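1. Let's see this in three dimensions:
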Amino acid sequence: MLSVRGNLGPCSLANKSSEESEKQILLQNQISRRQGVIRFTKLILAMAASSSLASNGRLGLPFASLSKKASLFPSHTSLRWPVVAPSQSFSLKLSKGTQNRSRNLVQANGDAVESSTTTSQAEALEWVKQDNHRLLHVVYRVGDLDKTIRFYTECLGMKLLRKRDIPEEKYTNAFLGYGPEDSHFVVELTYNYGVDKYDIGTGFGHFGIAVEDVTKTVDLVRAKGGKVTREPGPVKGGKTVIAFVEDPDGYKFEILQRDPTPEPLCQVMLRVGDLDRSIEFYKKAYGMELLRTRDNPEYKYTIAMMGYGPEDKSAVLELTYNYGVKEYEKGNGYAQIAIGTDDVYKTAEVVKLCGGKVTREPGPLPGINTKITSCLDPDGWKTVFVDNIDFTKELE
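-> Got it, this is the predicted structure:
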C-alpha cells in the first residue's frame, strides 16, 4: 500500500499543547492522504482512457499496457485508498466519515475504469462496422498447377491474372478470376514443389460460380474431361438451378444459374459446428453482414450467407451447419480467405476482443512490406487481413 507521511517540520509543534498537536497531525495526514489518492486516481483514469494505450496504431483494452507503467508506483502499491502504516500513523485512526469517503472514491474510480473499458470495446466494435472490408481472394493448394490453370480457364471461363514463382521458398502462386484483383474476388492457387496431392478434409464445402446457363457450363466441363458430381437441377428445397463439378484436385464447384453479375466467383462454403456462434463472430470481429439464413430440416442442415454486400453483386461466405455435427477435418488443401482492411492492427485487437485467435501479429511481410494479420474463427478457419493501401501498391 502507499505510505503517506505527514509533512511536519522538527519545530512546528514545539510550543503547542499535546491536544492541539494531535489534531494538527491528524488534519495534515488526512490532507496528504487525500491529495495522494487524487493524484493516484487521476493517473489511473488517464492511463485507462488515454490513447497512449493504443500505441503502435492499435486499439487496446484499458489496462493492456498497465504493467508497462507499474514502475511509476512502488511494488507494494495496490489499487486501494492509501493507508498509513502502523509505525507511521502516530497511533491515530481515520474517522468513520473519512473511511466512507475513501471507499466512495475508490468505488467511483472503479466505475470510471469499467466505463472506460466498456466505451473502448464499443468504439472498437463500431470501428469494425465502418472499416472498408472486401473479400480479396481465397487461397488453396493444388498438386499440378498447369493442369489446374487449364481447367479453370478452359472449363470455368476464368482468366490467368498473374503468376509468381518463389524458388527460394519452393512454391509458385497463380491468381485467376473473372476480373482484375483490385475489384474482383479471385482464387490464389499455391503449388509447393514436389507435392502432388492434398487432403481436402470434410470441413471445406465448395466454391460457387454464377453463370447464365448451367447446362452449357456442365457440358463444357464434361467435354474437357472434367468430373460432374451433380447434374443440373433445382437446389434441394429451392428453385435455383445448380450443378456440381470437381477440379483436378477434387475441389468442388457449385455452378449456379443467375443473371449476369459483376462477381461470378460468388461463394466460398465452409462447414461450422455452431452456426449462431459463427454468425456473431463474423459480424462482430470481421464486420460482415448476415445476408440471409435458410433452414432445411428435411435434409438436416442450416446455412447462413454472410458478406460485405448483396449476393448478386459480391462474393459471400456460406456457413453450413449440419445437425448434430460439431467438428470437421480440415485437411491440408484449403488454406484461407484474404480480406482487405484499413488497419490490420485495429483488426487484430478486435478479433482478440471477440474471442478469436490471432496466429500472426499485425505487421509488414518481409520483402514486400505489405501489412497483414492472420487469425482463426471459433472453428479454426483461417482468415488473413491485408492492408488496403499496401494491397493496391502490391498490384501496381
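2. Quick check: Ile368 is in a strand.
-> No - counting by DSSP: H, G, I helix; E, B strand; the rest coil, one finds Ile368 to be coil, located in no strand.
3. is it true that it touches Glu394?
-> Yes - using C-beta atoms under 8 Å, Ile368 is in contact with Glu394, at 6.4 Å. Just so you know, the C-beta spots here come from the backbone N, C-alpha and C atoms, and that holds for glycine as well.
4. for the stretch 1-150 of the chain, what are the low-confidence residue spans?
-> Within the stretch 1-150 of the chain, the ranges that satisfy pLDDT under 70 run 1-119.
5. that older thread, quick one: which of Ile368 and Glu394 has more around it?
-> Each of Ile368 and Glu394 has its neighbours counted (other C-beta atoms under 10 Å); Glu394 has more, 14 against 11.
6. and the spatially closest residue to Asn132 that is not a sequence neighbour, what does it touch?
-> Excluding the flanking residues, the one nearest Asn132 by C-beta to C-beta, 6 or more residues apart in numbering is Asp342, at 5.2 Å. For Asp342, the contact set (C-beta atoms under 8 Å, 6 or more residues apart in numbering) comprises 131-132, 387-388.
7. Narrow those to those in helices?
-> Residues of those located in helices (DSSP state H): Asn388.
8. who wins for most neighbours among the contacts of Asp342?
-> Comparing these on neighbour count, Asp387 comes out first with 23 neighbours (neighbours: other C-beta under 10 Å).
9. Bridged to the residue lying closest to it once chain neighbours are set aside, which residues?
-> Nearest non-adjacent residue to Asp387, counting by C-beta to C-beta, 6+ apart: Lys371, 4.1 Å away. Lys371 forms beta bridges with Pro364, as assigned by DSSP bridges.
10. Can you tell me how far Lys371 is from Pro362?
-> Distance of Lys371 to Pro362, given as C-beta to C-beta, to the nearest Å: 6 Å.
11. shared neighbours of those two, anything?
-> Taking C-beta under 8 Å, 6+ apart as the contact rule, Lys371 and Pro362 both touch Val344.
12. Of the two, which one has the most company?
-> Pro362 (24 against 21).
13. what comes up buried for the helix or strand that contains the more buried one?
-> Per DSSP states H and E, Pro362 falls inside strand 357-364. If you call a residue buried by 16 or more other C-beta atoms under 10 Å, then strand 357-364 has these buried ones: 358, 362.
14. Ok, stretch 166-179 next?
-> Buried residues in stretch 166-179, defined by neighbour count with 16+ other C-beta under 10 Å: 171-179.
15. Okay, now that stretch: how far is its last residue from its first?
-> 24 Å (C-alpha to C-alpha, to the nearest Å).
16. mind giving me the domain ranges of this protein?
-> What automatic domain parsing lists as the domains of the chain is 18-130, 134-395.
17. can you pull out the helices in this protein?
-> For the chain, the helices defined by DSSP H cover 18-49, 96-130, 145-154, 214-223, 275-284, 344-353, 388-395.
18. give the contact list for the closest residue to Thr373 other than its chain neighbours.
-> Leaving aside its sequence neighbours, Thr373 sits nearest to Pro362 (C-beta to C-beta, 6+ apart; 3.8 Å). Residues counted as contacts of Pro362 (C-beta under 8 Å, 6+ apart) are 58, 344-345, 347-348, 371-373.
19. Distance to Tyr286 for these - can I get that in CSV?
-> Listed next are those as CSV, based on distance: C-beta to C-beta, whole Å:
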residue, distance to Tyr286
Arg58, 17
Val344, 13
Tyr345, 16
Thr347, 8
Ala348, 12
Lys371, 17
Ile372, 15
Thr373, 12
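20. which pair in those residues spans the largest distance?
-> Arg58 and Ile372 (14.3 Å; C-beta to C-beta).
21. higher neighbour count, the two?
-> More neighbours surround Ile372 than the other of Arg58 and Ile372, with 22 against 18 (other C-beta under 10 Å).
22. Tell me if I'm right that the more buried one and Arg360 touch.
-> Yes - taking contacts as C-beta under 8 Å, Ile372 lies within contact range of Arg360: 7.0 Å.
23. which neighbours do the two share?
-> Taking C-beta under 8 Å, 6+ apart as the contact rule, Ile372 and Arg360 both touch Val384.
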